[in-house]
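Visitor: Would you be able to build a 3D model of this:
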Amino acid sequence: MQDEHKQGHEDMNPGDQAPPGTPGTGEDICPKCHGSGKLEDKPCENCGGTGYVVEGIGGA
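Guide: Numbers count the residues shown, from 1 in each chain. Predicted coordinates:
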């Protein structure tokens, strides 16, 4: 199930919390493939094969 705030953002991967470049976010290593971009010799579906996900930083 996709979160409502993610719909319509073609440049997002399933593991992203926000589109790339969103203020208050940054890249982090994908927790599923640990930055390799691959799982079982296939592109990681969580990060789209990039090895990185976009996550919120800071917090309040």
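Visitor: Report the distance from stretch 28-46 to the chain centre.
Guide: Relative to its chain's centre, stretch 28-46 lies at 10 Å (C-alpha atoms, centre = their mean, to the nearest Å).
Visitor: so where's this structure uncertain?
Guide: By pLDDT under 70, the low-scoring segments of the chain are 1-10, 59-60.
Visitor: Surely residue 25 touches residue 53?
Guide: No - using C-beta atoms under 8 Å, residue 25 makes no contact with residue 53, being 9.9 Å away. Glycine gets a C-beta too; all of them are placed from N, C-alpha and C.
Visitor: Give me the common contacts of these two.
Guide: residue 17 (C-beta atoms under 8 Å, 6 or more residues apart in numbering).
Visitor: Those two: which is more packed in?
Guide: residue 53 (24 against 18; other C-beta atoms under 10 Å).
Visitor: residues in contact with that one?
Guide: Counted by C-beta under 8 Å, 6+ apart, residue 53 has contacts 13, 15-17, 27-31, 46-47.
Visitor: Quick check: the gap between it and residue 32.
Guide: 9 Å (C-beta to C-beta, to the nearest Å).
Visitor: Residue 57 now?
Guide: Taken as C-beta to C-beta, the span from residue 57 to residue 32 is 20 Å.
Visitor: out of the two, which sits in the busier spot?
Guide: Set side by side, residue 57 and residue 32 give different neighbour counts by other C-beta under 10 Å, the larger being at residue 32 (16 against 11).
Visitor: Verify the stated contact: that one with residue 14.
Guide: No - using C-beta under 8 Å, residue 32 is not in contact with residue 14, being 9.4 Å away.
Visitor: what do the two both touch?
Guide: With C-beta under 8 Å, 6+ apart as the test, residue 32 and residue 14 both reach 45-46.
Visitor: Number of residues surrounding residue 42?
Guide: For residue 42, the tally of surrounding residues (other C-beta under 10 Å) stands at 10.
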